[in-house]
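# Need coordinates for the below:
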Amino acid sequence: MLKSCTFTGHRPKAMFGYNIQAYAGLSKQLYACIEQLYKLGYRQFITGGAQGFDQLVFWAVAQFKQSHPEIQNVVYIPHPGQEAKWPVDGLFGQQQYQQMLNIADQVVTVSNQQSIQSLFQRNEAMVDASDGIVCLYEDDSWRNPSTKSGTASTMRYAIKHMMDIWQIQFDNKSSGPYPIKTIQKSIFL
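Reported below is the predicted structural model:
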C-alpha cells in the first residue's frame, strides 16, 4: 500500500502575499521536508490546490519528483472552478493552477457544487486518504474549536484519525527556517 501524506496551510494573505522572492526560504524548507517524508516511506503527496501553501507544496513535490519519478503528486480540488476569482496570471494565478492540474499525477474532485462546505469536505477527504499530514500554522490556537480556519479544522480532524502530524510553525515576519514539531505519531509505525 502506498503511504500518503497530505498538506494544509495558509493562503497568501496570511503568508507573504504575492511576492515570489519572499517564499524562497519556505520553498527550500518544504523540499527538505518532502525529502524527509520520502525517507520515512511516504510516496504519495496530496495538496488541495488552493492559493498559497498548497501550491508551494505542489511545486516542491514536482521538483522532488524530477529525481524520484516513482512518487505521486496528487491534487484534491473542492469543486470545479475554485480558481474562478483568482488573477489570470502571476503567482498563484489561474494559469499556474491549470499548469499544476495538467502535470498532477491525479486530480480528485470532491464535489460538483461550489460552496464553503465543499472546501471542508475536500480537507477531510485529503486526511481520509492519508497516513500523515504536514500543517503550516503559527501557534497552538488551532486546537481551540472556536478557531474556524480551514487549516485549523483540518488539523483537528487529523488528530482524531491517529495519524502522523507535523506542524511547521510559520511566522510571516521571518524568512525561516521555521521550527517543525511533531504533534502526534501514529501508533502504527
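# Just to check, Phe92 is in contact with Gly49?
No: judged on Cβ atoms under 8 Å, Phe92 makes no contact with Gly49 at a distance of 10.5 Å. No exception for glycine: its C-beta is placed from N, CA and C like everyone else's.
# how far is stretch 146-153 from where the chain is centred?
Chain-centre distance of stretch 146-153: 15 Å, with Cα atoms, centre = their mean, to the nearest Å.
# can you tell me which helix in this structure is longest?
helix 24-39 (DSSP state H).
# contacting residues around the helix-or-strand element of the chain with minimal mean pLDDT?
Ranked by mean pLDDT, DSSP states H and E, the weakest helix or strand in the chain is strand 180-184, scoring a mean of 91. If you take Cβ atoms under 8 Å, 6 or more residues apart in numbering as the criterion, strand 180-184 is touched by 33, 135, 155, 158-159, 162-169.
# buried sites along it?
180, 183-184 (16 or more other Cβ atoms under 10 Å).
# The following helix or strand past the longest helix of the chain: partners in the sheet, and parallel or antiparallel?
Per DSSP states H and E, the first helix or strand lying C-terminal to helix 24-39 is strand 44-47. With DSSP bridges as the test, strand 44-47 is paired with strand 4-8 (parallel), strand 72-77 (parallel).
# most packed of those?
Greatest average neighbour count among these goes to strand 4-8 (a mean of 27), per mean count of other Cβ atoms under 10 Å.
# Return that strand as CSV; C-alpha atoms alone will do.
Once non-C-alpha atoms are left out, strand 4-8 reads as follows in CSV (Å, rounded to 0.1, in the frame of the first residue of the first chain):
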residue,chain,number,x,y,z
SER,A,4,0.4,9.1,1.7
CYS,A,5,0.9,12.5,3.3
THR,A,6,-1.3,15.5,2.9
PHE,A,7,-0.5,19.1,3.5
THR,A,8,-2.6,22.0,4.8
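# angle of that strand against helix 24-39?
Computed by axes from the mean of the first three to the mean of the last three Cα atoms, to 10 degrees, the angle separating strand 4-8 from helix 24-39 equals 160 degrees.
# shaky segments in this protein?
In the predicted model, the chain carries pLDDT under 70 at residues 187-189.
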